[in-house]
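Enquirer: using only what follows, build the 3D model:
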Amino acid sequence: MDSLLRNVLSLNSTLMITSILGYLGENMKIVIDSDLVITRSGVSSRTDKPYTMREQRMRVMSDYLRGPAVINLAENQQPYPPGEYDIDLEQSVSIGNFGSIQFVRDLVIKPLSSSKPLSFGKQ
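Expert: Residues are numbered from 1 along each chain as shown. Sure, this is the predicted structure:
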């Protein structure tokens, strides 16, 4: 019974959060102007292991949030072509262990004209 109640509460929370984020997502778009990939690499001071980070610049456009941002790319992931995109909320947002909204580390975006994700951050 306890797990059933937890599943029902989780489903209700998911539906409520999906509705809120869906509203926000309808009023937001991501604009990518260039397929240029910025690569940074080095050695972690904490773990002493080498790392490489790949990212692509984008612009976030909405009534309440506007400005430059970056999207992480996986090691062999092709850059997103220039265009307008939505954040794929189903792939990019989840409910955490204690009911908090969490974004995945690598957002998933999809072209505005399609409901199918273009690419995943981790492959």
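
Enquirer: output the contacting helices and strands for the longest strand along the chain.
Expert: Ordering each strand of the chain by length in residues (DSSP state E) puts strand 50-62 first. The contact analysis (3 or more C-beta pairs under 8 Å, 6 or more residues apart in numbering; DSSP states H and E) places strand 50-62 against strand 28-32, strand 37-43, strand 66-73. Using the backbone N, CA and C atoms, a C-beta is placed for each residue, glycine as well.

Enquirer: check which residues of it are buried.
Expert: 54, 55, 56, 58 (16 or more other C-beta atoms under 10 Å).

Enquirer: strands paired with it, and their directions?
Expert: Paired strands of strand 50-62, with direction, are strand 28-32 (antiparallel), strand 37-43 (antiparallel), strand 66-73 (antiparallel) (DSSP bridges).

Enquirer: for those, which one sits closest to residue 81?
Expert: strand 28-32 (7.3 Å; C-beta to C-beta).

Enquirer: what mean pLDDT does that closest one have?
Expert: Across strand 28-32, pLDDT averages out at 89.

Enquirer: mind listing what residue 79 touches?
Expert: Residues in contact with residue 79, defined by C-beta atoms under 8 Å, 6 or more residues apart in numbering, are 35, 36, 37, 56, 73.
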